[in-house]
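# Give me the fold of what follows.
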Amino acid sequence: MSVGGRIIEIALHPLNGKTRTRLWVVDRNGDETGVFVEDAPDMPKVGDEVWWQAGKVYFDGDRKHLIKISNSFDMQRRD
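As a prediction, this is how the structure comes out:
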């Protein structure tokens, strides 16, 4: 599983009783990974590159970040 890639979808989904933003990314090997983030005034867009470490998801050339609120997960194995 990757720790980032190019965003192919941004969607709202329920998580722990709240509606949260899920980023779906594909890396250079074709692996698809999802991660939930807190909404922010400045969000990345479909096609942008992101990566994550610890509790942050970085974008815009590492100049901006979002708060990561879940572990990343394999989108090809989701139910």
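
# pLDDT below threshold where in the protein?
Applying pLDDT under 70 to the chain picks out residues 1, 78-79.

# Could you pick out the longest strand of it?
Counting by DSSP state E, the longest strand found in the chain is strand 4-15.

# which neighbours does that one have in its sheet, and in what orientation?
Here strand 4-15 has these sheet partners by DSSP bridges: strand 18-26 (antiparallel), strand 49-53 (antiparallel).

# Am I right that residue 76 falls within a helix?
Yes. Residue state for residue 76 (DSSP: H, G, I helix; E, B strand; the rest coil) corresponds to a helix.

# buried sites along the longest strand of the chain?
Neighbour-count burial for strand 4-15, counted by 16 or more other C-beta atoms under 10 Å, picks out 4-5, 7, 10. Backbone N, C-alpha and C define where each C-beta goes, glycine included.

# want to throw these into a markdown table with distance to residue 72?
Below are the buried residues of strand 4-15 laid out as a markdown table (distance: C-beta to C-beta, whole Å):
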| residue | distance to residue 72 |
| --- | --- |
| 4 | 9 |
| 5 | 10 |
| 7 | 13 |
| 10 | 15 |
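
# with these in mind, which one is nearest to residue 47?
Among the buried residues of strand 4-15, residue 7 lies closest to residue 47 (C-beta to C-beta), at 6.4 Å.

# Distance check, the residue in the chain sticking out farthest from the centre against residue 43.
Relative to the mean C-alpha coordinate of the chain, counting by C-alpha atoms, centre = their mean, the farthest residue is residue 17 (19.1 Å). Going from residue 17 to residue 43 by C-beta to C-beta, to the nearest Å gives 22 Å.

# Check residue 26 too.
For residue 26, the distance to residue 43 - C-beta to C-beta - is 18 Å.

# Then residue 18?
For residue 18, the distance to residue 43 equals 17 Å [C-beta to C-beta].
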